[in-house]
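> need coordinates for the below:
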Amino acid sequence: VQLQASGGGLVQAGGSLRLSCRAPRTIFSVFSPLNMAWYRQGPGKQRELVARITSGGNTYYVDSVKGRFTISRDNSRKTVYLQMNNLKPEDTGDYYCNAERSGINSWGQGTLVTVSS
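Numbering: from 1, shown residues only. Next up is the predicted model:
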């Protein structure tokens, strides 16, 4: 499984980051039919779904990030993005990329996002 997440870092509250997840090779033969998602796990917290984009482009966001985060995908680059604006300290955590098709999931390594107050 090869999902390559990047773009994390340290940012002050109110700042922005853009995460990328590239899937050059996965257990799936093609990228475009995949449902892609970003999850995060904050310190001492369970992993939670942050945003999801289906193969058809429909999106879902957890309430806490609505209006601040935008998920998008570029099938030609086999990449999914998470644009994060107006970041808050509670957005701190490891962010994980997920690919899903027919109930089969594939995960990448996390990229750490730290938001200072």
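
> ok now the helix or strand bottoming out on mean pLDDT in the chain, how far from the chain's centre?
The helix or strand of the chain with the poorest confidence is strand 2-6; it has a mean of 88 (mean pLDDT, DSSP states H and E). Remark: strand 2-6 is offset 10 Å from the chain centroid, using Cα atoms, centre = their mean, to the nearest Å.

> how about stretch 90-110?
7 Å.

> between its first and last residues, how far does it reach?
Stretch 90-110 has an end-to-end distance of 17 Å (criterion: Cα to Cα, to the nearest Å).

> quick one: mean pLDDT over it.
Averaging pLDDT along stretch 90-110 yields 93.

> got the contact list for it?
By Cβ atoms under 8 Å, 6 or more residues apart in numbering, the residues outside stretch 90-110 that reach it are 1-5, 8, 19, 21, 23, 26-28, 33-43, 45, 47, 50, 64-65, 80, 82, 84, 111-115. For the C-beta atoms, the positions are set from N, CA and C on the backbone; glycine is no exception.

> ok, the spatially closest residue to Lys45 that is not a sequence neighbour to Val80 distance?
Once flanking residues are discounted, Lys45 sits nearest to Gly93: 7.1 Å by Cβ to Cβ, 6 or more residues apart in numbering. Counting by Cβ to Cβ, to the nearest Å, the separation of Gly93 from Val80 is 18 Å.
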